[in-house]
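S.K.: Pasted the sequence and its predicted model underneath.
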Amino acid sequence: MYSYNSNPEGSIVKALDCNAAVASRDALAKTVYARLFDWLVDKINRSVGQDLTSQIQIGVLDIYGFECFKHNSFEQFCINFANEKLQQHFNEHVFKMEQEEYRKEEINWSYIEFIDNQDVLELIEKKPIGIIALLDEACLFPKSTHATLSTKLFQNFRAHPRLEKAKFSETDFTVSHYAGKVTYQTDTFLDKNRDYVVVEHCNLLSSSKCPFVAGLFHSPPEESSRSSYKFSSVASRFKLGRTKVFLRAGQIGVLDSRRAEVLDNAAKCIQRRLRTFIARLNFISMKAAAIAVQAFCRGCLARNIYVEKRETAAAISIQKYVRKWLLRRAYSKLFSAAIIVQSSIRGFLTRQRFLHGKKHRAAVIIQAWWRMCMFRSAIRHHQTSIIAIQCRWRQKLAKREFRRLKQEANEAGALRLAKNKLEKQLDDLTWRLNLEKRLRISNEEAKSSEISKLQKMLESLTLELDAAKLATINECNKNAVLLNQLELSMKEKSALETELITIAELRKENAVLKDSLDSLEKKNSVLEHDLNEAQKDSSNTIKKLMETEEKCSQLQQNVQSLEEKLSRLEDENHVLRQKALSVTPKSNRSALMKAFSEKYSGVLALAQTDQKPKFESPTPSKLIPFAYGLSESRQPKLTAERHQENYEFLSRCIKEDIGFTDGKPLAACIMYRCLLHWHAFESERTVIFDYIIEGINEVLKVGDENLTLPYWLSNASALLCLLQRNLRSNGFLNAASQFSAPSGLPGRVVHGLKSPFKYIGFEDGLSHVEARYPAILFKQQLTACVEKIFGLIRDNLKKELSPLLGLCIQAPKSSRHTGKASRSPGGIPQQAHNSHWESIIKFLDFLMGRLRENYVPSFFIRKLITQVFSFINISLFNSLLLRRECCTFSNGEYVKSGLAELEKWIVGATEEYAGTSWHELNYIRQAVGFLVIHQKRKKSLEEIMQDLCPALTVRQIYRISTMYWDDKYGTQSVSNEVVAQMREMLNKDNQNLTSNSFLLDDDLSIPFSTEDIDMAIPAIDPSDVELPKFLSEYPCAQFLVLHQK
């Protein structure tokens, strides 16, 4: 389906999908209905004889009817809310204010009791937490539903006496109004609350050929203000208070008689004016007739006078020719003398013109060279901007490719393809780097040649200036000689005195020439200044080329890291495939697990204290007899008790907060050393890893999230790093080499950091543990647990930030009308307006303190803060695009001041914890910067897209430009030419894009991998920790105490 919009500026053909077409149709229907309703109200007012210019009017208010149906939707909610407001208005003016006036005027009356419904109004319209506020907040997010809206209502108003939850529905709610209880269904609340007014629809209907349709879309005139009056002539008949007048009963008739008297006087005034108008028309007709008669008489007299003047003119012409002949003879004598004087003067003027032309040609040459330099600099600027845009676009494509590669990281074939692609990209980057170096060398050579040319031009200009100075001196001497000759001729011929004025003009021209010389010297200084700026620009380009070289080196490092990840993932995949070949039948494993779960005897296969405890199970050939032996003859009771002690010890380490030692998590270190001592990593079958993961998940569900999540993020990441660095993932390669082809991958060992502790039963020094399949699976489960904890912390932060951001997107009403007084840095109102941003700063400070108290690594803190700021950017930017009241000048200043506070916080948090958080706010920073700039109409589309808003798309810039309005200075948005260009670009893009959304989507992915954690977190020595005191209570942990001693 296509949407065709036409207006005086142009036409747009927009491709719409089904949902967009339905939304556009509903928006048009709502707009036409609203305009038609306003027209009908205006038509009724005119038909009943309403006079808009009248200063005395009587208004009748028809109150809404209270509605309570079987199915109550958003319309009934709005009508009942309006009824509540009118009831409160009635109570305020009829009971409260009127009785307050009686009290002030000291009138005797009996106080009237009434029911106040202020609590219902606060439930509906209170900010920031009210039904309407929560509904608007839900409309900001495209994925919100009526179920999420209902849950938010019940969570925030759980104890409110006026709101109840419906009995037979999870999404319905009941409000106790002053007239009774009403149950509302929230199925269509979100759809009916969204009101998108399409500007193109209004422009299309306003340009309709039908006058009725075009008249519906004109802005209605403002209503005239109403005024009140009082009669001082009957003051004795009123009951007077201190400052007001109260009517007694029976005085309406007196007022009606006074009204009839006023109407009679008005009728007499109209009759008097009409008679005056008729008499004036009669006078004007008589005056026109008299003027016509006078014109005829005056014409006759003028013709007689013309005949007399003609005769006198003939006599004068005869006299003229006679006198002409006499004077011509005298003039010929003077002519010869005048020619001599004129020749000298004209020679002087031609020499002056020649010098002026010479200087003009020199100035033209200078301007030509200057303009050539300006065009070259502009071309270079465009070239650098184009290169920057290409880098950004390639960076965006690289990020997309990296995400795709990250999703396909579990397949070795995809990783090989990614490696080949990265090698090709590296070759392309090296080729581009060489090309940029060549361009830099050519630019430097061109700049050096231009500088030499400009220096030669300066030398030639200085020579011309010297020649011009000498010419002016010669001309001054010649002027002195001519002046002497003119003075002699003036003494001889008194008739040539008028020629002295020209000499004065020549002097003025000499002064002008001197001024032109000064201006040329100034131009030379300007040219020298431009040369210096050109040299500075060349140095800046060299710096940019150095930065590109650094980026290329970083990309090479990224390629190397990806190759290492490829090798590790190939090892793990190979291990998992070989293990899949040797898996036992499913029935045998289930029987063994059932036997283990009866009395904890299958969790730990510990021997006596003098033997090495191991977590092992028999080979597949001996699996059934081993399970039968366990079921028939149970293990000794002592072994079961030891298994129970191991479980209790691990459960206590998981459930209790045993703290940290020198920043090292004790729980992670103790669990790793116990698993290592029990040889759990070398066992082919064990469920102790599942027990640890289930225990951690149980603690996360039961405990306080603000304390439990950071604590276990620190412990789980530390345990994951210990496994990643000290486990060898190729334990089955030797056994499976007979099944693998000769061209198979060689075994690679995961490189770990050195640890000073010694394994029991091994020699001193570094030793890696060959991990079996359960250990590798446990590492993957622990990675998923770390990602889950990180996601829970991030989601909780977003939930707590959402209401604060809803208050920060729009400036308070008091700050939009206070003018210059509200911008004072020390004023109390400014502090009140920034209280919402201060609450966000306090929230971030509390978050940072909570994470650092639990010794969360700076790598996770940096990722969390970055994603929090990304969420702030997305929420503020989407709210700005969806709400027209937010796209104002004053609101832009308010949000800009809040972003400045966030920038101060980022600087104080340092780059170790904040990272690139400031860059995550690019969209909202550029949008707010566009709102607060002045003279938007002078900005072109290229300046807006390249300088002001390089990160924003054309659709987003078009949305902000059309919704912008200046509530402070009254300035206008961008020019119509810029809007037309953006429409053409959108018209072209709509044919290729599948989605027309201009909103930003929240990134819910996990921004790290196991290798990233291993590289970012420093080495941990699990043996160098201070053990808690309760370890001495468990015999299974005595080896830790003995090792510490």
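M.R.: Received, thanks.
S.K.: Now do the contacts for Glu450.
M.R.: Shown in contact with Glu450 (C-beta atoms under 8 Å, 6 or more residues apart in numbering): Cys373, Arg376, Ala534. Any C-beta I mention is one placed from the backbone N, CA and C, and that applies to glycine too.
S.K.: Can I take it that it is in a strand?
M.R.: No: looking at Glu450 with DSSP: H, G, I helix; E, B strand; the rest coil, it is helix, so not inside a strand.
S.K.: and it, how far is that from Phe375?
M.R.: 12 Å (C-beta to C-beta, to the nearest Å).
S.K.: likewise Asp116?
M.R.: Going from Asp116 to Phe375 by C-beta to C-beta gives 75 Å.
S.K.: Ok, Phe354 next?
M.R.: Phe354 sits 32 Å away from Phe375, going by C-beta to C-beta.
S.K.: Same question for Asn45.
M.R.: The gap separating Asn45 from Phe375 is 64 Å, by C-beta to C-beta.
S.K.: Next: Gln76.
M.R.: According to C-beta to C-beta, Gln76 stands 68 Å off from Phe375.
S.K.: So which of those two has more stuff around it?
M.R.: Ranked by neighbour count (other C-beta atoms under 10 Å), Gln76 and Phe375 place Gln76 first, with 17 against 10.
S.K.: Which helix runs longest in the chain?
M.R.: helix 252-407 (DSSP state H).
S.K.: Please name every helix or strand in contact with it.
M.R.: Using 3 or more C-beta pairs under 8 Å, 6 or more residues apart in numbering; DSSP states H and E as the contact test, the elements touching helix 252-407 are helix 412-492, helix 500-581.
S.K.: mind checking how far the first one is from the chain centre?
M.R.: This points to helix 412-492. The chain centroid and the centroid of helix 412-492 are separated by 42 Å under C-alpha atoms, centre = their mean, to the nearest Å.
S.K.: Stretch 160-178 now?
M.R.: 37 Å.
S.K.: Ok, stretch 372-384 next?
M.R.: How far stretch 372-384 lies from its chain's middle: 31 Å, per C-alpha atoms, centre = their mean.
S.K.: same check, this time on stretch 381-396
M.R.: 22 Å.
S.K.: State the mean pLDDT of the helix or strand where Ser651 lies.
M.R.: Secondary-structure assignment from DSSP states H and E places Ser651 in helix 637-655. For helix 637-655, the mean pLDDT works out to 72.
S.K.: averaged over its residues, what pLDDT does the very next helix or strand once past that helix have?
M.R.: Using DSSP H and E, the helix or strand that follows helix 637-655 in sequence is strand 660-661. For strand 660-661, the mean per-residue pLDDT is 85.
S.K.: Check this structure and tell me which residue is nearest its centre.
M.R.: In the chain, the centroid-proximal residue (C-alpha atoms, centre = their mean) is Ile924; its distance is 2.2 Å.
S.K.: if I pick that one, what's in contact with it?
M.R.: Here Ile924 is in contact with Ile872, Asn873, Leu876, Phe877, Leu880, Val895, Leu899 (C-beta under 8 Å, 6+ apart).
S.K.: Kindly report the same for Asp116.
M.R.: Gln88, Asn91.
S.K.: where does it land in three-state SS?
M.R.: Under three-state DSSP, Asp116 comes out as coil.
S.K.: Next one: it, what pLDDT does it get?
M.R.: As predicted, Asp116 sits at a pLDDT of 83.
S.K.: Please parse this protein into its domains.
M.R.: 20-46+62-216, 254-369, 857-1008 (the TED database).
S.K.: deepest of those, which one?
M.R.: Using mean count of other C-beta atoms under 10 Å, the stretch among the domains of the chain with the largest mean neighbour count is domain 857-1008, at a mean of 17.
S.K.: what separates Gln835 from Ile841, distance-wise?
M.R.: Rather than Gln, residue 835 is Ser. 10 Å.
S.K.: More neighbours: those two, which one.
M.R.: A side-by-side neighbour count of Ser835 and Ile841, using other C-beta under 10 Å, places Ile841 first with 16 against 11.
S.K.: For that one, give its distance to Glu137.
M.R.: Distance from Ile841 to Glu137, by C-beta to C-beta: 21 Å.
S.K.: what do you get for Leu902?
M.R.: 21 Å.
S.K.: got it, and Ala718?
M.R.: 38 Å.
S.K.: just Trp393 next, same as before
M.R.: With C-beta to C-beta as the criterion, Trp393 and Glu137 are 35 Å apart.
S.K.: same deal with Ala511?
M.R.: From Ala511 to Glu137 the distance is 74 Å (C-beta to C-beta).
S.K.: Check Lys181 too.
M.R.: In terms of C-beta to C-beta, Lys181 sits 26 Å off from Glu137.
S.K.: in the stretch 1-150 of the chain, which spans are helices?
M.R.: Assigned by DSSP state H, counting those that start in this stretch, the helices in the stretch 1-150 of the chain fall at 18-47, 74-90, 98-104, 118-125, 131-140, 146-156.
S.K.: sorry, back to before: switch the helices and strands packed on helix 252-407 over to JSON lines; also include mean pLDDT and distance to Asp17.
M.R.: Listed next are the helices and strands packed on helix 252-407 as JSON lines, based on pLDDT from 0 to 100; distance: least, C-beta to C-beta, whole Å:
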{"stretch": "helix 412-492", "mean pLDDT": "73", "distance to Asp17": "32"}
{"stretch": "helix 500-581", "mean pLDDT": "71", "distance to Asp17": "38"}
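S.K.: can you list these in CSV and add distance to Lys126?
M.R.: Shown next, in CSV, are those (distance: least, C-beta to C-beta, whole Å):
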stretch, distance to Lys126
helix 412-492, 54
helix 500-581, 51
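S.K.: can you tell which of those helices is closest to Ser206?
M.R.: With C-beta to C-beta as the criterion, Ser206 lies closest to helix 500-581 of those, at 49.7 Å.
S.K.: on contacts alone, who are the packing partners of the closest one?
M.R.: Here helix 500-581 touches helix 252-407, helix 412-492, helix 773-808, helix 1010-1016, going by 3+ C-beta pairs under 8 Å, 6+ apart.
S.K.: Now the weakest link among these, please, by mean pLDDT.
M.R.: Minimum mean pLDDT among these: helix 412-492, a mean of 73.
S.K.: Can you check what angle separates it from helix 252-407?
M.R.: Helix 412-492 runs at 120 degrees relative to helix 252-407, counting by axes from the mean of the first three to the mean of the last three C-alpha atoms, to 10 degrees.
S.K.: coming back round to it: got CSV for the helices and strands packed on helix 500-581, with distance to Asp518 too?
M.R.: Output for the helices and strands packed on helix 500-581, formatted as CSV (distance: least, C-beta to C-beta, whole Å):
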stretch, distance to Asp518
helix 252-407, 13
helix 412-492, 11
helix 773-808, 58
helix 1010-1016, 67
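S.K.: Nearest to Phe66, out of these?
M.R.: helix 773-808 (30.7 Å).
S.K.: related to what we said a few turns ago, and the helix or strand where the residue nearest to the centre of the chain lies, how far out from the chain's middle?
M.R.: Following DSSP H and E, the helix or strand that holds Ile924 is helix 922-932. With C-alpha atoms, centre = their mean as the basis, helix 922-932 stands 6 Å off its chain's centre.
S.K.: What is the subsequent helix or strand relative to that helix?
M.R.: Using DSSP H and E, the helix or strand that follows helix 922-932 towards the C-terminus is helix 941-943.
S.K.: average pLDDT across that following helix?
M.R.: Here the average pLDDT along helix 941-943 is 87.
S.K.: Next: stretch 890-910.
M.R.: Rounded mean pLDDT across stretch 890-910 is 90.
S.K.: what's the distance between it and the middle of its chain?
M.R.: Stretch 890-910 sits 13 Å away from the centroid of its parent chain (C-alpha atoms, centre = their mean).
S.K.: Now Glu549. Nearest residue, chain neighbours left out?
M.R.: Leu433 (6.4 Å; C-beta to C-beta, 6 or more residues apart in numbering).
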